[in-house]
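[1] Structure here, sequence nowhere to be found:
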């Protein structure tokens, strides 16, 4: 690939945008490897404008890496300051015609009472929240959750009393009658 050439006005605008960026790719002591090239290419595809940090002290080596990346990846050289350099490549379009056709070919959702009830049953089964009236103690018609003063959650019956309170009260009354 050849290096991308940009007009001077666009270079100045891109320098201004890159001023506040942090380095996306940090080169290691091995220098420019295939893995680094792939990572820089991926970052250019994702962001378009990136900063790269090179750790070497040799200026000639940093300039060679800068030129090599721009040439091999088809990117524009925006700026080189010290150990940081800025590259730009336009971000490719993400959606293709194939993706749009896949979205259009999606099956329509089934409607109607039967399908709606089936979805509801499946959701309840997954969430594990379905409780039948038979499974509730002392024939409570519904089960709500109430909070105690300390913030714990307790199950509350149809009349607003906590479940188990009636049984506890009956048990205490029955014991007190027996002992007398």
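    On my side now, so go ahead. Not measured: the values here are computed from a predicted model.
[2] quick one: which helix or strand includes residue 24?
    Per DSSP states H and E, residue 24 falls inside strand 23-26.
[3] mind checking the SS state of the closest residue to residue 46 other than its chain neighbours?
    Among residues not flanking residue 46 along the chain, residue 91 sits closest, at 7.5 Å (CB to CB, 6 or more residues apart in numbering). C-beta: built from backbone N, CA, C; applies to glycine. Using DSSP: H, G, I helix; E, B strand; the rest coil, the structure places residue 91 in coil.
[4] related to what we said a few turns ago, may I see the buried residues of the next helix or strand after the strand holding residue 24?
    Sequence-wise, the next helix or strand downstream of strand 23-26 (DSSP H and E) is helix 34-47. Of the residues in helix 34-47, 36, 39, 40, 41, 43, 44 count as buried by neighbour count, 16 or more other CB atoms under 10 Å.
[5] Format the residues you listed as TSV; extra columns: pLDDT and distance to residue 25.
    TSV is the format used below for the buried residues of helix 34-47 (pLDDT from 0 to 100; distance: CB to CB, whole Å):
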residue	pLDDT	distance to residue 25
36	92	7
39	93	5
40	93	5
41	93	10
43	93	6
44	93	10
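[6] Farthest-apart pair in the residues you listed, please.
    The most widely separated members of the buried residues of helix 34-47 are 36 and 44, with 12.5 Å between them, by CB to CB.
[7] how's this structure carved up into domains?
    8-88, 131-180 (automatic domain parsing).
[8] State the distance from residue 33 to residue 77.
    Residue 33 sits 20 Å away from residue 77, going by CB to CB, to the nearest Å.
[9] out of these two, which sits in the busier spot?
    residue 77 (19 against 11; other CB atoms under 10 Å).
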